[in-house]
Structure formats: structure tokens, C-alpha cells
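# Requesting a structural model of the entry that follows:
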Amino acid sequence: MRTSVGPPAGANFATRYGSNGWRMPVTELDTASAGAIYARVPDLARFALFHLSEHNRDQFSNRDEVFERFASAVITGSVLPIGRLIEKTFGKGIYRRIGKGETLVPAQPTEQPHP
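Numbering: from 1, shown residues only. Now for the predicted structure:
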């Protein structure tokens, strides 16, 4: 089972280039893990659907079924099934923390950065 999206560990990553076309140096950031990543809402939604479907294979056979659950919640206004799914997947209390807008990642990374 895949547990993440992206290149496998140890893969070469893309080089950043400036607007002038010159190669940019590697930058050390002070934010935890993906704190400086640029992502659009559809990208984040696909990421969530991927993890919810992968971690709940007993309940869903593909991402479309997870999407249908979210669509149903939007149409009916009943978000309790979504809350239960998120808590089953990511842990008790997470849905409430998301609703309050709390930061869900620690301030300091728990793993060593890649060399």
C-alpha cells in the first residue's frame, strides 16, 4: 500500500530556476516539512482523497467513492459521516482541530531533513 504521494525516497528532485532562467541555490527553510509548498485547493483535495481511500480500503474500492461521500455531505449538509471518516483515518480529535483552524503539524520537524 502506498502511504505517500510523490517521488520515492532517494529520488533526484527538480532544480529551481529563477525568472531569469538561472539555476537557484538550495534553500533551507525555517518551516516544518512542506510549510513552503505551493498547492491549489484541487491539489489538496486530491491528496486528502488519496489518503482517505488508501487508509480505508475496507470501506472504499477507489477515490471516487470517497468523493461521493464528500459530495453527499455538501448536498445534504450532513457532515457527521465525514467527521467519522477523518477521525478513523487520522485520529480522534482531528476533525474538531481542523474545524477550529488549528495547526496540525508540529512547530519543529520530528524527522531529520533529507541531505
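# can you map out the helices along the chain?
With DSSP state H, the ranges of helices along the chain come out as 41-54, 63-76, 80-90, 94-100.
# In a markdown table, list those helices along with distance to Tyr17.
Just so you know, the C-beta spots here come from the backbone N, C-alpha and C atoms, and that holds for glycine as well. As requested, the helices of the chain are arranged in a markdown table below (distance: least, CB to CB, whole Å):
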| stretch | distance to Tyr17 |
| --- | --- |
| helix 41-54 | 21 |
| helix 63-76 | 33 |
| helix 80-90 | 36 |
| helix 94-100 | 35 |
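# what about these, which gets the closest to Arg23?
helix 41-54 (25.4 Å; CB to CB).
# Let's test this: mean pLDDT of the closest one, rounded?
For helix 41-54, mean pLDDT is 85.
# just stretch 64-73 next, same as before
pLDDT averaged over stretch 64-73 gives 92.
# need the helices of the chain in CSV with mean neighbour count, can you?
As requested, these are exported to CSV (neighbours: other CB atoms under 10 Å):
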stretch, mean neighbour count
helix 41-54, 15
helix 63-76, 14
helix 80-90, 15
helix 94-100, 13
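# Low-confidence ranges, the protein, go.
1-16, 26-39, 103-115 (pLDDT under 70).
# what about 80?
Filtered on pLDDT under 80, the chain yields the residue ranges 1-18, 23-41, 44, 101-115.
# measure Lys88 to Ser53 for me?
Using CB to CB, to the nearest Å, Lys88 is found at 13 Å from Ser53.
# what's near enough to touch Glu102?
Glu102 makes contact with no residue under the criterion CB atoms under 8 Å, 6 or more residues apart in numbering.
# Now do it against Phe47, distance only.
From Glu102 across to Phe47, the span is 19 Å (CB to CB).
# and if you look at Arg40?
Separation of Arg40 from Phe47 (CB to CB): 11 Å.
# Likewise for Arg63?
Counting by CB to CB, the gap from Arg63 to Phe47 is 11 Å.
# If anything else comes up later, I'll come back, but that's it for now.
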